[in-house]
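Peer 1: would you be able to build a 3D model of this:
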Amino acid sequence: TKDFIQLGGDDPTGMNSSQVTDMIFFGLQQILPLMTRGLLQFPTLCTQYFSLVGFMMETYPDKVRILPYDLFDALLDSLLFGMSYHDVSVAKCSLQGLAGIMKEHLQHRVLDVQLNKNPDLLDKCSHRLLVEVVFQNCIWDRIEATGMALLPLAATDLNRFAGVVQRICQQIPAEHQPRLSRAFELLLQPEVLRKILAKGYEGRQTRIKFKEDFENFCHEVHSFLVLK
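Peer 2: Sure, this is the predicted structure:
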C-alpha cells in the first residue's frame, strides 16, 4: 500500500522516508519477475500494481539515477505496457509515471546512467507511446495524461524524437506523410518546449495551451491515420 510511505515521517527513532522508499523499490524488484501477463488479468491485482509503480516513478523519479539497470528496465517496461491497457486507471498511472521520469531527466539528467547502457531507450519510449497510444482509438479516454507524457519526452531530445516520427512516417501511405510531419511541427513549438518546466502562471498557461494543441493534433491525425 502507498500509505506505507508515510511511515517514514521525521521520527528520529524510526525509518526515514528515504529508507522506506528504498525498501519499496527493493520490494518491487522481488515481485517483478512474478508479475506475468496472466497474473495481470486479475483486475484488483493489476490496478494496485500499476498504481504503485506509477506512483513511485512519478513521485520519486530521482531514484532512477541509482536504480540497478535491470530493475529500471523492468519498471519502464511495466509503464510502457500499462499505458495502452484497456483499464483507464492503469493507463493513466503508467503515463503519469513515464511523465515523471522524463520531467526529472529534463531537470537533472537522471537517465544518463541508463542511457549509457541502452542508448535507444528514449526511442523505444517515443515509438511505443506514439504507435500504441497516440495513433490508437484508446487515446480518447487518456488524452490529457498522454499529452503530459509526450511533451517532456519530446523535449528531452527533440532530434531523436523527430527521428522516431520520421521512421513512422515512412511506414504509412506516401500521401499522408507530409500531413503527419506538418501536424507534429505545429504541435511541438519551440516556445512551448522551452517552458515545460516553468512554474506558476506561465507554467500553467503553457500546459493548458499544449493540452488544447494536443487534442487538436489527435483529431487531425485520426482523421487520416489509425495504426493497426
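Peer 1: please make it C-alpha for all contacts and neighbour counts, starting now.
Peer 2: Noted.
Peer 1: where does the residue nearest the centre of the chain sit: helix, strand or coil?
Peer 2: Centrality entry for the chain: nearest residue to the mean C-alpha point is residue 98, 2.2 Å, by C-alpha atoms, centre = their mean. Three-state assignment for residue 98 (DSSP: H, G, I helix; E, B strand; the rest coil): helix.
Peer 1: list the contacts for it?
Peer 2: Residues near residue 98 by C-alpha atoms under 8 Å, 6 or more residues apart in numbering: 54, 57, 58, 76, 79, 149.
Peer 1: where does the fifth one fall, secondary structure wise?
Peer 2: When secondary structure is defined by DSSP states H and E, residue 79 falls within helix 69-82.
Peer 1: could you do the first one as well?
Peer 2: With elements delineated by DSSP H and E, residue 54 resides in helix 43-59, which encompasses its position.
Peer 1: list the buried ones in that helix?
Peer 2: By neighbour count on 16 or more other C-alpha atoms under 10 Å, the buried set for helix 43-59 is 46, 47, 49, 50, 51, 52, 53, 54, 55, 56, 57, 58.
Peer 1: just stretch 18-27 next, same as before
Peer 2: Result for stretch 18-27 [16+ other C-alpha under 10 Å]: buried residues 20, 21, 24, 25.
Peer 1: pull the particular helix or strand that has residue 179 in it out as CSV, backbone CA atoms only.
Peer 2: Following DSSP H and E, one finds residue 179 within helix 177-187. Only the C-alpha atoms of helix 177-187 are listed here, as CSV (Å, rounded to 0.1, in the frame of the first residue of the first chain):
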residue,chain,number,x,y,z
GLN,A,177,3.4,11.5,-44.8
PRO,A,178,3.6,15.3,-45.3
ARG,A,179,0.4,15.8,-43.4
LEU,A,180,1.7,13.8,-40.4
SER,A,181,5.0,15.6,-40.4
ARG,A,182,3.3,19.0,-40.6
ALA,A,183,1.0,18.1,-37.7
PHE,A,184,4.0,17.3,-35.5
GLU,A,185,5.7,20.6,-36.5
LEU,A,186,2.6,22.5,-35.4
LEU,A,187,2.3,20.6,-32.1
